[in-house]
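Curious how this folds, go ahead:
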Amino acid sequence: MLTLTKTTTTTETTTLETPADIADYVHAEYLRRTEAAPFKPGDRVRILRRDGINPEFMTGDVGTVMLCDPEFSPLTTLMGVNASGMTIQFPVQTANLERA
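Sure thing, here's the model as predicted:
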């Protein structure tokens, strides 16, 4: 048995003529990406691996997701607490997170 995979590329053209068209397009893209992301804004997550995270930046290995768009970046922006007790935003590898 032989299985062949063929990859094809298609081009889709969309014309956005008004500010409302642009707003609708951006909103639809936001909804699509949010739905496809493994974590949603507001999700509580645990940091499984701290690769590249200085202990002073994020304490407790937990945070709340602010942005997760793996189509754009391998990083998820978390809100957490640093060693000084300040609430901060910090990027963490999405692959190093799990729901808390």
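
now the residue nearest the centre of the chain, which residues is it bridged with?
Against the mean C-alpha coordinate of the chain, by Cα atoms, centre = their mean, the closest residue is residue 68 at 1.5 Å. The residues listed as beta-bridge partners of residue 68 by DSSP bridges are residue 76.

which residues sit in contact with it?
For residue 68, the contact set (Cβ atoms under 8 Å, 6 or more residues apart in numbering) comprises 37, 38, 39, 40, 41, 43, 76, 77, 94. Using the backbone N, CA and C atoms, a C-beta is placed for each residue, glycine as well.

Pull out the buried members of the residues you listed.
With neighbours counted by 16 or more other Cβ atoms under 10 Å, the contacts of residue 68 contain buried members at 37, 39, 43, 76, 77, 94.

Quick check: which element contains the second one?
To tie it back to what came earlier, the one meant is residue 39. Assigned by DSSP states H and E, residue 39 belongs to no helix or strand.

can I assume it is in contact with residue 75?
No: counting by Cβ atoms under 8 Å, residue 39 sits too far from residue 75 to count as a contact (11.5 Å).

between those two, what contacts are shared?
residue 94.

about what we covered before: would you turn the contacts of residue 68 into a markdown table with pLDDT and distance to residue 17?
Formatted as a markdown table, the contacts of residue 68 follow (pLDDT from 0 to 100; distance: Cβ to Cβ, whole Å):
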| residue | pLDDT | distance to residue 17 |
| --- | --- | --- |
| 37 | 96 | 30 |
| 38 | 96 | 35 |
| 39 | 97 | 35 |
| 40 | 96 | 32 |
| 41 | 95 | 30 |
| 43 | 98 | 36 |
| 76 | 96 | 35 |
| 77 | 96 | 33 |
| 94 | 95 | 36 |
